[in-house]
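J.: Pasted the sequence and its predicted model underneath.
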Amino acid sequence: MSTGSEPRRVAGQHVRAEARRRGWLRFLGGRFKRDHGAWAQGAEGEEVVGQILESLVADGWQVIHDVSFGRGNIDHIVVGPGGLYTVETKSRRGRILIDKVPAKRRGVTILPARMLTWYFSRRRPEMSVEEADAIYDRLCLAVGQPPSP
């Protein structure tokens, strides 16, 4: 966590930087080539999810992207009248078989990116827009990112 205010981070920023950092290794082939591809695919997934979440701003939701904690990060934190959520993005090729969408596993809701707007639109208000904005501002301060304008 940073103590000063950094520029506002964008979705996938950490993963995209890591993919670039590993990019030159892909020319060595083998594991390095696959490793770069996985990081690049992860960055693309986080960017797509970030765009979807940013579209929720009109409905009173706010998003903080790519919150780093040194040994890991939170891809997205979403705050709005319907509550506070963390969103972890996984980008995989192929299908993931689950019985029902959205699925719940150990208290975690699993759903495809295309259902995010629907999911957040169905959250019942838990707080006012003003309370959600205050929490968002505090979170931005806590993680060293400026709030969105």
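T.: Arrived safely, thanks for sending. Keep in mind that what you see is a predicted model, and the values were worked out from it rather than measured.
J.: next structured bit after the longest helix seen in the chain?
T.: Taking DSSP state H as the assignment, the helix of the chain that covers the most residues is helix 31-54. Tracing the chain C-terminally past helix 31-54 and defining elements by DSSP states H and E, one meets strand 62-68 next.
J.: Now do that next one: which elements does it pack against?
T.: Packed against strand 62-68 by the contact rule (3 or more CB pairs under 8 Å, 6 or more residues apart in numbering; DSSP states H and E) you find helix 13-23, helix 31-54, strand 73-80, helix 129-143. Just so you know, the C-beta spots here come from the backbone N, C-alpha and C atoms, and that holds for glycine as well.
J.: between the ones you listed, which gets nearest to Lys100?
T.: Lys100 lies closest to helix 31-54 among the helices and strands packed on strand 62-68, at 21.0 Å (CB to CB).
J.: Mind checking the pLDDT average for the closest one?
T.: Helix 31-54 shows a mean pLDDT of 81.
J.: residues in contact with that helix?
T.: 10-12, 15-16, 18-19, 22-23, 25-26, 61, 63, 65-66, 75-76, 78, 87, 89-91, 93, 113, 116-117 (CB atoms under 8 Å, 6 or more residues apart in numbering).
J.: Pull out the buried residues from those.
T.: Burial of the contacts of helix 31-54 was assessed by neighbour count (16 or more other CB atoms under 10 Å); the buried members are 11-12, 15-16, 18-19, 22, 26, 61, 63, 65-66, 75-76, 78, 87, 89, 91, 116.
J.: before we move on, back to that, adding distance to Arg122 as columns, could you present the helices and strands packed on strand 62-68 in a markdown table?
T.: Supplementary listing: the helices and strands packed on strand 62-68 in a markdown table, determined by distance: least, CB to CB, whole Å:
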| stretch | distance to Arg122 |
| --- | --- |
| helix 13-23 | 28 |
| helix 31-54 | 15 |
| strand 73-80 | 12 |
| helix 129-143 | 16 |
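J.: Buried deepest among these, which one?
T.: Looking across these with neighbours counted as mean count of other CB atoms under 10 Å, the highest average goes to strand 73-80: a mean of 21.
J.: for the protein, which spans come out with low pLDDT?
T.: 1-6, 21-36 (pLDDT under 70).
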